[in-house]
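Student: Provided below for reference: sequence and predicted model.
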Amino acid sequence: MSVTVMAGQRTAHNVARRRLSRGALYVFLTVLALIFLWPLLYAAYTSLRPYGEVVANPNGFFSTPATLNLNNYFFVWNGGNYPQFYLNTALITIPAVILTLWISSMVAFTISRFNWGFNMLVLMIFTAGNLLPPQVIIVPLYRLYNLIPVPAPLSDNGLMYDQIIGLILIHTTFQTGFCSFVLSNYMKTLSKELVEAAMIDGAGVFTIYARVIMPLVRPALAALGTLLFVWIYNDFFWSVMLFKSGDKRPITAALNNLQGTFFTDPTVVAAGSLMAAIPTIVLYLILQRYFISGLTLGSAKG
Amino acid sequence: MSELEPQAFAPAPATAGAGAPASAKRRRRHYSLLNRRDKLLLATMVGVPLAIFLVIIWGMTFVSVVLSFTNWDGVNPIAFIGVDNYVQLFTTYQFFWPAVFHNVLWLLFFVAFATPMGILLAVLLDRPLRGSGVYQSIFFTPVVLSLAVVGFIWELQYNALDGFINSAMVGMGWMSPNGTIDFLGDPSINIYAVLVAASWRHIGYIMVLYLAGLKSVDPSLREAAAIDGANERQTFMHVVFPVMAPINVVIIVVTVIESLRAFDIAYIINHGKNGLELLSILITNNALSEAGLIGFGSAIAVVLLVISLVPIVIYLTRVMRSEDQ
């Protein structure tokens, strides 16, 4: 009797406690979410303010605006040469993503479907290389890029250095390491009988790759493609190191031009940074599911 | 390995090494299924990418090691000078130990704060919670930003003259206009300011990786723990966390590798000088600058390589183990 009463009291007590802790949880998460959003929101707000007005205000940036406009964006778009930088980024990112997916799907197909005896070694070479900090290889790579002759349509200075083709090469190489690993894990989950049946039907290796396996890995390709696009788009290190400063650079590296050239105007820096960020944010909002499954594909089975 | 069909494929002539005699019989049995052209095609599909990868990634790594024993400046002939670069690095070079310290600090900050914070958020948002998806999206947004953008966005907060934090403190009357804090210029604090910005991005990354792991935990384990009377914290500590061992290794490896790769934000703020020295930036500052200290810069690269091999080997060992199962 008394046991049930106590149990009843405890349940009521627990419900109250749980409700309280749930409320605390919401408060905690909401405060944290606002802190997370703050730097972006503040950048957006700053980007809309005329610098002259901010300077004239005794409180500087800690003030409410009299005017908000898009002038900083127009300034960056026209004066900052942004259309050119977007184009450069597209010319690097899109071929690099397609090449990486194509090459790594072939590597993954071969090492997941056929036993060579050194599949594991190949996979380790790729995976370990992908995990290296890029700074480990930058010094010889920089020299190499200044040595390799590249013919005219691909390069306008006869070299790999300071060329879009050079960036495509290093991105594709580096990311092939990661994608081969992820795709081969993915392909291993497909049924073996599919390939056997196709072979017995007399299909060649290429037919099996193109007609049997590739359609089945489409979800993984979509996820990896989204992820690769964002990663390569966001690259800063290779672009800064393997390009001379100038109009050939992709947009992330060109952000460096916004500061210091004349004096640093924070409203322009804010507009320029957000413009560089907008494509990936939009892509993320539309393809969030793919992006996240791309990230987790790599670690899920691992 | 399965004895089934396509797995027993013999290496094509182009890449054939010493064939194992023991498997010769098995190989012959399936030989007819792959003709010569197929084998050549397969060899190309894996051989060409592998060759390019070996040259560009591992070949350049090897060249870095070789160059680290030279005094090359990019112009004059190369001379081997033994371990002189390393001796200089460890004894007289004034930026080396600060850089090591900053990289270690970066790692400790991530291990003690950013990574646990990501895990905490994952655990909190894994439960049925209204708006969980919205919170996840918000915490994850910084991950899709370029580190270059992250650097500039945080400069707007930190700037000594017109950054938001200082402007707000002065505006509220909590600080004199002459006494603003130079978050990015003061060498005793700027590394922490950078670490906050880097964590802003790292937390969401870890959260998503961990959430994926939590989703893969068999729900019946939790139910069993609940029936046995375990509370949420006990369930996580004693049931969920141990089951997540594979993901935990990934998280640790990601955290260590990110700490070693740290470059972009510090480079944007002041090219890794004056309190923001990092091993990665010392490499480029020495070897790819007017100083042209290629040999010396390569020695720093080798130090970074050796440290990086620790998490890489841990990761590979785990991959191999899960592959064997």
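Tutor: Looks like it came in fine. Numbers count the residues shown, from 1 in each chain, chains lettered A, B, ... in the order given.
Student: CA only for contacts and neighbour counts going forward, please
Tutor: OK.
Student: and residue A:50, what does it touch?
Tutor: Taking Cα atoms under 8 Å, 6 or more residues apart in numbering or on different chains as the criterion, residue A:50 is in contact with A:67-69, A:71-72, A:267.
Student: what's the spacing between it and chain B?
Tutor: Applying Cα to the nearest Cα, to the nearest Å, the value for residue A:50 to chain B is 14 Å.
Student: mind checking pLDDT for that residue?
Tutor: Per-residue confidence (pLDDT) for residue A:50: 89.
Student: The one 4 residues further on now?
Tutor: On pLDDT, residue A:54 comes in at 84.
Student: Tell me if I'm right that it and residue A:66 touch.
Tutor: No - with contact defined as Cα atoms under 8 Å, residue A:54 does not reach residue A:66; the gap is 9.6 Å.
Student: So for these two, which residue has more residues nearby?
Tutor: Looking at residue A:54 and residue A:66 with other Cα atoms under 10 Å in any protein chain shown, you find the greater number of neighbours at residue A:54, namely 20 against 9.
Student: If we ignore the residues flanking it in sequence, what's nearest that one?
Tutor: The spatially closest residue to residue A:54, leaving aside those adjacent along the chain, is residue A:60, at 5.1 Å (Cα to Cα, 6 or more residues apart in numbering or on different chains).
Student: Which helix or which strand is home to that neighbour?
Tutor: For residue A:60, there is no enclosing helix or strand under DSSP states H and E.
Student: can you pull the contacts of it?
Tutor: Contact partners of residue A:60, counting by Cα under 8 Å, 6+ apart, are A:54, B:162, B:167.
Student: Check residue B:264 too.
Tutor: With contacts defined as Cα under 8 Å, 6+ apart, residue B:264 is in contact with A:236-237, B:147-148, B:151.
Student: Please repeat the previous calculation with a cut-off of 10 Å.
Tutor: Residue B:264 makes contact with A:235-237, A:240, B:146-151, B:198, B:271-272, B:280-281 under the criterion Cα atoms under 10 Å, 6 or more residues apart in numbering or on different chains.
Student: that older thread, what about the contacts of residue A:60, which are in helices?
Tutor: Using DSSP state H, A:54, B:167 are the members of the contacts of residue A:60 that sit in helices.
Student: Relative to residue B:127, which of the contacts of residue A:60 is nearest.
Tutor: Minimum separation from residue B:127 among those (Cα to Cα) is found for residue B:167, which lies at 39.5 Å.
Student: give the contact list for the residue in the stretch 201-302 of chain A that chain B sits nearest to.
Tutor: Nearest residue of the stretch 201-302 of chain A to chain B: residue A:234, at 4.3 Å (Cα to the nearest Cα). When the contact criterion is Cα under 10 Å, 6+ apart, the partners of residue A:234 are A:89, A:93, A:228, A:250-253, A:276-277, A:280, B:144-149.
Student: got it, and residue B:191?
Tutor: The contact partners of residue B:191, taken as Cα under 10 Å, 6+ apart, are B:102-103, B:105-106, B:183-185, B:197, B:266, B:272, B:274-278.
Student: switch the cut-off to 7 Å
Tutor: With contacts defined as Cα atoms under 7 Å, 6 or more residues apart in numbering or on different chains, residue B:191 is in contact with B:275-276.
Student: try the one 4 residues further on
Tutor: Contact analysis of residue B:195 by Cα under 7 Å, 6+ apart lists residue B:106.
Student: what's the nearest residue to residue A:258 if we skip its chain neighbours?
Tutor: Across the structure, with Cα to Cα, 6+ apart as the measure, the residue nearest residue A:258 apart from its sequence neighbours is residue A:269 (6.1 Å).
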